[in-house]
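Peer 1: could you work out the structure for the sequence below:
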Amino acid sequence: MKKRTKIVIYILIFIITFIISALIRINLLGSAPMKLIKVKWNDKIGTIYKDLSYENENNNKYDLYIPSNLDKEKEQYLIVYIHGGSFNSGSKEDGDLWCKYYATKGYITATIDYTLQNQGKDASITLMNNEIENSIKAIKEYLDNLGYNVVGMASSGVSAGGTLAMNLAYNGNSAIPVKFVFQLAGPTFFEPSEWGLLKKVDKLDTDEEFYEMMTGLPFEKDLSQEEINKISPSALVNENTVPSLIGYGLKDHCVPLSQKYYLLEAYKKYNVVYDYIEFPKSNHGMYNDLDKMQEFINKSLEYCEKYFQ
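Peer 2: Below you'll find the predicted structure:
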């Protein structure tokens, strides 16, 4: 009996350690660029407008970064960063470095907060998608009032933010036309049976509970697949999908490797223009392949030059 108890304890310790390790990787996601990007920001480089409001029930905010000396007579472009955190953690502050970096390249940038699942059981991906779309409307109105003519944008993000960035780009509901998307390690398909770790993190016992948390709808067997597709980037891909730059780690234990294949297969099916950068030594944090991270950043700037026109 004592031996069996010890085995159970060891198993529990292993599971807890694994989950904690996974959460650490999630929190570190997005930190890798800090080793590559050096930005000395000051008022001469640009202006940061902090904690701006947009329409949502939970008083979420966004920050806006505008480079100095932008010509208001010329068309301008926006890059939006959406933070990660397994849909239940993270904040817009996580995107500060990204936004400053792309602002130094001459682009208006923004980083957005959205309602997290630890802030209420009704915080579904459906709600998050709607909030992100509302934030783009607010950003457009704010920039219009400042006199900037923003004619296109790119959505970007990491992990959960990568999912939301793709959903914004692929749904076609953005108030500012999305020209391309770039993201790292974003989940692409929310079939409940694939998300054992996420269910453990969120303390969910059944696939039905996972479905209800993600969609915000009561489970109905006949409609479940249709509703899952509405929040899954790989299921939203079609012949009109914008160019996409994506990156995934081969040792990712948080987002199943199958997720990238759903996306790649959809791109190929609909002849979508895309670039896939593989991080062979990286887990979900993406910090073990700095050469690949540099390649990803460089490619994102190539996308800006090519599609922002």
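
Peer 1: poorly predicted segments of the chain, please.
Peer 2: Scanning the chain for pLDDT under 70 picks out the ranges 1-35, 120-121, 222-223.

Peer 1: tell me which stretches of it form strands.
Peer 2: 46-53, 61-67, 75-82, 108-112, 149-158, 178-184, 244-249, 274-279 (DSSP state E).

Peer 1: for Glu194, find the nearest of the ones you listed.
Peer 2: Nearest to Glu194 among the strands of the chain is strand 244-249 (14.7 Å), distances taken as C-beta to C-beta. C-beta: built from backbone N, CA, C; applies to glycine.

Peer 1: contacts for the closest one?
Peer 2: 162, 166, 169, 180-186, 255, 257, 259-260, 263, 267, 272-286, 288-289, 292, 296, 299-300, 303 (C-beta atoms under 8 Å, 6 or more residues apart in numbering).

Peer 1: can we see that at 7 Å?
Peer 2: 180-185, 260, 263, 267, 272, 274-279, 282-284, 286, 296, 299-300, 303 (C-beta atoms under 7 Å, 6 or more residues apart in numbering).

Peer 1: what lines up beside that strand in the sheet?
Peer 2: Strands that pair with strand 244-249, judged by DSSP bridges, come out as strand 178-184 (parallel), strand 274-279 (parallel).

Peer 1: go through those and pick out the most buried.
Peer 2: The highest average neighbour count among the strands paired with strand 244-249, using mean count of other C-beta atoms under 10 Å, belongs to strand 178-184 at a mean of 26.

Peer 1: ok, for the residue nearest the centre of the chain, nearest residue in space, not its chain neighbours?
Peer 2: For the chain, the residue sitting closest to the mean C-alpha position, by C-alpha atoms, centre = their mean, is Gly161 at 1.7 Å. Of all residues not flanking Gly161 in the chain, Ile82 sits nearest, at 3.7 Å (C-beta to C-beta, 6 or more residues apart in numbering).

Peer 1: if I look at the one you found, how far off is Met214?
Peer 2: Note on Ile82: its distance to Met214, by C-beta to C-beta, to the nearest Å, is 17 Å.
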